[in-house]
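Participant: One predicted model, sequence on top.
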Amino acid sequence: MAASFSGSAKAEICRGMAQKRCCAQAACFGILLFCNSFGADGIRIITESQDLARNLPKMFKKAFGLEFDVQPDSDAAGKMNFQILKPEKIAVIMDAYGFDIRDTFCLHINLPVVEEDCCRAAFLKGAFLAGGSVTDPEKGYHLEFTTTHQAVARECYSLMEEVLGFCPKSAKRGGGHVLYMKQSEMISDFLTFLGAPVAAMGIMEAKLEKELNNRVNRRCNCDDANTSKVVEAAQEQLAAIRILQEKGLYQQLPLKLQQAATARTEHPELSLTELAAMMEPPITKPAMNHRLKKLIHMAQEATT
Ligand SMILES: [Zn+2]
């Protein structure tokens with residue numbers, strides 16, 4: 001199965017995860033605050049990203065020196081389940097972020113963890129990997145990530161807006177707090193910030209392609225409109241010429257008008273400009289228009 005756009009973006013982000021311990025802790029913080037559950041009674045991370053699944057054990061090892069109590073086989077696919085259940089491990093993790101394990105009902109983004117620029121990026125990478133997705137730009141522009149912790153959503157919003165200049169929108173959905181973006185350029189910039197420039201380029205390419213298609217479509221519609229006008233005018237001229245022939249007036253026409261009538265009869269599809277160029281000597285478009293109008297006028301006189 002081909003990877004989804006979101007899956008490819010996550011794979012790209014995983015390839016560029018920073019190696020520093022401070023960043024590993026920040027990335028794990030993002031993962032924990034945006035994953036399925038993170039509390040005193042346990043940690044549960046469910047992901048469909050094989051790249052994240054491959055990286056999770058390494059990241060937790062580097063950040064805390066800990067292993068998961070439950071983790072999927074290395075060849076697992078679909079929804080993969082990672083858990084830490086042992087209280088002493090959870091205590092180590094809570095302690096690393098300055099939380100007291102007896103008081104974890106209101107988790108928030110502990111600012112010292114995301115103080116350094118490198119760690120801010122790592123934190124948001126983790127948040128996106130665990131709780132985020134980005135829509136295939138062929139279908140629309142939408143990037144979002146969801147947390148169950150209200151304070152985290154608010155603080156993450158401030159971090160993105162004040163510190164990094166991204167302005168996501170926020171919404172509540174079910175029990176979750178969602179931060180989302182709908183502008184192609186912001187999504188593209190944010191993916192670049194997360195270390196996924198290829199996905200970012202995919203967004204901009206899709207946008208350019210859409211704009212180009214729109215322009216071409218407008219152009220075609222415009223041409224169609226012109227074409228039908230040309231066809232209508234030509235039909236009127238041909239009808240007039242037929243009348244003049246039926247009434248025996250054709251042979252009496254001045255040479256210039258005969259020439260115009262012949263050209264139109266032989267080339268019903270040509271525009272005025274093209275017909276004008278065929279005259280001997282060539283004439284202007286208004287002059288050509290004048291000759292054809294004259295034919296129509298004479299035909300009208302002949303029938304009244
Ligand atoms: Zn760092």
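Facilitator: That came through, no problem.
Participant: Can you give me the distance of residue 253 to residue 291?
Facilitator: 10 Å (C-beta to C-beta, to the nearest Å). From N, CA and C alone the C-beta is placed, and that goes for glycine too.
Participant: Without its sequence neighbours, what residue ends up closest to the residue in the stretch 151-300 of the chain that the ion sits nearest to?
Facilitator: Minimum separation of the stretch 151-300 of the chain from the ion (C-beta to the ion) falls at residue 195, amounting to 13.3 Å. Spatial nearest neighbour of residue 195, chain neighbours left out: residue 16 (3.7 Å); criterion: C-beta to C-beta, 6 or more residues apart in numbering.
Participant: For the one you found, grab phi and psi.
Facilitator: Dihedral angles of residue 16 (phi, psi; degrees, to the nearest 10) stand at phi -110, psi 20.
Participant: distance of it from residue 273?
Facilitator: In terms of C-beta to C-beta, residue 16 sits 58 Å off from residue 273.
Participant: give the contact list for the residue positioned nearest the centre of the chain.
Facilitator: Among the residues of the chain, the one closest to the centroid is residue 137, at 3.0 Å (C-alpha atoms, centre = their mean). Applying C-beta atoms under 8 Å, 6 or more residues apart in numbering to residue 137 gives the contacts 5, 184, 202, 203, 205, 206, 207.
Participant: Which one of those residues sits in the busiest neighbourhood?
Facilitator: residue 203 (27 neighbours; other C-beta atoms under 10 Å).
Participant: what about that one, helix or strand, and which?
Facilitator: Per DSSP states H and E, residue 203 falls inside helix 197-246.
Participant: Following the chain past that helix, name the next helix or strand.
Facilitator: helix 255-266.
Participant: Hmm, residue 259 and residue 292 touching each other?
Facilitator: No - with contact defined as C-beta atoms under 8 Å, residue 292 does not count as touching residue 259 (11.3 Å).
Participant: If you count surrounding residues, which of these two has more?
Facilitator: residue 292 (22 against 17).
Participant: Checking my notes, residue 144 in a strand, right?
Facilitator: Yes - with the criterion set as DSSP: H, G, I helix; E, B strand; the rest coil, the secondary structure at residue 144 is a strand.
Participant: Hmm, it is touching residue 132, no?
Facilitator: Yes - with contact defined as C-beta under 8 Å, residue 144 and residue 132 form a contacting pair (6.4 Å).
Participant: Strands of the stretch 1-150 of the chain, residue ranges please.
Facilitator: For the stretch 1-150 of the chain, the strands defined by DSSP state E, counting those that start in this stretch occupy 37-39, 42-47, 80-84, 132-134, 143-147.
Participant: Which of those strands sits closest to residue 99?
Facilitator: Residue 99 lies closest, by C-beta to C-beta, to one member of the strands of the stretch 1-150 of the chain: strand 37-39, at 9.8 Å.
Participant: got the buried residues for the closest one?
Facilitator: By neighbour count on 16 or more other C-beta atoms under 10 Å, the buried set for strand 37-39 is 38, 39.
Participant: model confidence over that strand, on average?
Facilitator: What strand 37-39 shows for mean pLDDT is 91.
Participant: partner strands of it, parallel or antiparallel?
Facilitator: Applying DSSP bridges to the sheet, strand 37-39 is found paired with strand 42-47 (antiparallel).
Participant: next one: the strand it pairs with to chain centre, how far?
Facilitator: For strand 42-47, the gap between its own C-alpha mean and the chain's C-alpha mean amounts to 30 Å (C-alpha atoms, centre = their mean, to the nearest Å).
Participant: Show residues contacting it.
Facilitator: Contacts of strand 42-47 (C-beta under 8 Å, 6+ apart): 31-32, 35-38, 53, 56, 79-85, 90, 93, 129-130.
Participant: quick one: that strand to strand 80-84, angle?
Facilitator: 160 degrees (axes from the mean of the first three to the mean of the last three C-alpha atoms, to 10 degrees).
Participant: thinking again about what came up before, residue 144 and residue 132: which has the busier surroundings?
Facilitator: residue 132 (26 against 22).
Participant: In terms of pLDDT, where does the more buried one sit?
Facilitator: So, for residue 132, pLDDT stands at 96.
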